[in-house]
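Student: Predicted model and sequence below, questions to follow.
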Amino acid sequence: MAGYIVLGIGFGIILNTKGYGVLWSLLMSATIYAGSMQYVALDLLGTSASLIAVAVTTLMVNCRHLFYGISMVDRYKNSGKARPYLIFALTDETYSLVCGDLKDIPDDKKNVYYLCVSLFDQSYWITGCVLGSLLGMIIPFNVTGIDFALTALFVTILAEQWFTNHDHIYALTGLICSVVSLIIFGSDRFLIPAMIMITVMLTVLKKYRPKEETHES
């Protein structure tokens, strides 16, 4: 909640400085619901980008969600009528909560857990965005550097995963693949190659690591 509301407030403030009001903030956070893409969308709105440019940019920015979805196929397959919403609401923060070891939650309650996490996370995001728009209308803000809140949130997610899991091989795999991809492809084009490298490496690890060790991780 703290992360989503703070990040949402930052988005709402920036959106207000671009000349878009509370209704825009509400609609964007309810329908797009992708923090990083919503920040990018601010620049697209300002440049009157074409629909093709918007579609390609959205795919590039949020392509990591494709990999989130692949890893959640088995977990969401019996979620019934809630499944379309669970797929829509699978953001970075929600994924970090639903992909972990949920051994303390009974199997017949896990679908309820998935739905509640998804609903609460989106409600926090919408609340933050609307609050930011309202604050931006009342109080003048210098928005320089405020978009760094998104990067800070990703670092927080990584830190939480690191400290709550004893097995760090998967986190290190993602870090190493990302750094290698960044060096080879550059900061503008490293994301998709990094995701492909991570997927390949995790597939290999899952195949060759002992089952007991994989289950514990």
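Tutor: Sure thing, it's come through.

Student: hmm, which helix or strand of the chain has the shakiest average pLDDT?
Tutor: Counting by mean pLDDT, DSSP states H and E, the chain has its least confident helix or strand at helix 211-216, which shows a mean of 46.

Student: Using PDB, write down the CA coordinates of stretch 137-144.
Tutor: The C-alpha trace of stretch 137-144 is given here as PDB (Å, rounded to 0.1, in the frame of the first residue of the first chain):
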ATOM      1  CA  MET A 137      -4.200  21.100  -8.100                       C
ATOM      2  CA  ILE A 138      -3.800  22.600  -4.600                       C
ATOM      3  CA  ILE A 139      -0.100  22.700  -4.000                       C
ATOM      4  CA  PRO A 140       2.600  23.700  -6.600                       C
ATOM      5  CA  PHE A 141       5.300  21.000  -7.000                       C
ATOM      6  CA  ASN A 142       8.700  20.900  -8.600                       C
ATOM      7  CA  VAL A 143       8.400  17.500 -10.300                       C
ATOM      8  CA  THR A 144      12.100  17.200 -11.200                       C
END
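
Student: what's the spacing between that stretch and its chain's center?
Tutor: Counting by Cα atoms, centre = their mean, to the nearest Å, stretch 137-144 is centred 26 Å from the centre of its parent chain.

Student: Show me what the mean pLDDT comes to for it.
Tutor: Stretch 137-144 carries an average pLDDT of 75.

Student: remind me, longest helix of this structure?
Tutor: Ranked by residue count, the top helix of the chain under DSSP state H comes out as helix 110-138.

Student: can you pull the buried residues of stretch 36-53?
Tutor: For stretch 36-53, the neighbour count (16 or more other Cβ atoms under 10 Å) marks 36-42, 45 as buried. C-beta: built from backbone N, CA, C; applies to glycine.

Student: right, and the helix or strand after the longest helix of the chain?
Tutor: helix 148-164 (DSSP states H and E).

Student: by contact count, what packs against the next helix or strand along the chain from that next one?
Tutor: As assigned by DSSP H and E, the chain's next helix or strand after helix 148-164 is helix 169-185. Contact here means 3 or more Cβ pairs under 8 Å, 6 or more residues apart in numbering; DSSP states H and E; on that basis helix 169-185 packs against helix 148-164, helix 191-208.

Student: Need the CA coordinates for the first one. PDB is fine.
Tutor: Once non-C-alpha atoms are left out, helix 148-164 reads as follows in PDB (Å, rounded to 0.1, in the frame of the first residue of the first chain):
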ATOM      1  CA  PHE A 148      12.600   8.000  -9.900                       C
ATOM      2  CA  ALA A 149      10.000   6.700  -7.500                       C
ATOM      3  CA  LEU A 150       9.300   4.000 -10.000                       C
ATOM      4  CA  THR A 151      12.900   2.800  -9.900                       C
ATOM      5  CA  ALA A 152      13.000   3.000  -6.200                       C
ATOM      6  CA  LEU A 153       9.900   0.800  -5.900                       C
ATOM      7  CA  PHE A 154      11.500  -1.900  -8.200                       C
ATOM      8  CA  VAL A 155      14.600  -1.800  -5.900                       C
ATOM      9  CA  THR A 156      12.300  -2.300  -2.900                       C
ATOM     10  CA  ILE A 157      10.600  -5.300  -4.500                       C
ATOM     11  CA  LEU A 158      14.000  -6.900  -5.200                       C
ATOM     12  CA  ALA A 159      15.200  -6.200  -1.700                       C
ATOM     13  CA  GLU A 160      12.000  -7.800  -0.200                       C
ATOM     14  CA  GLN A 161      12.400 -10.900  -2.300                       C
ATOM     15  CA  TRP A 162      16.100 -11.100  -1.400                       C
ATOM     16  CA  PHE A 163      15.500 -11.000   2.400                       C
ATOM     17  CA  THR A 164      12.400 -13.300   2.400                       C
END
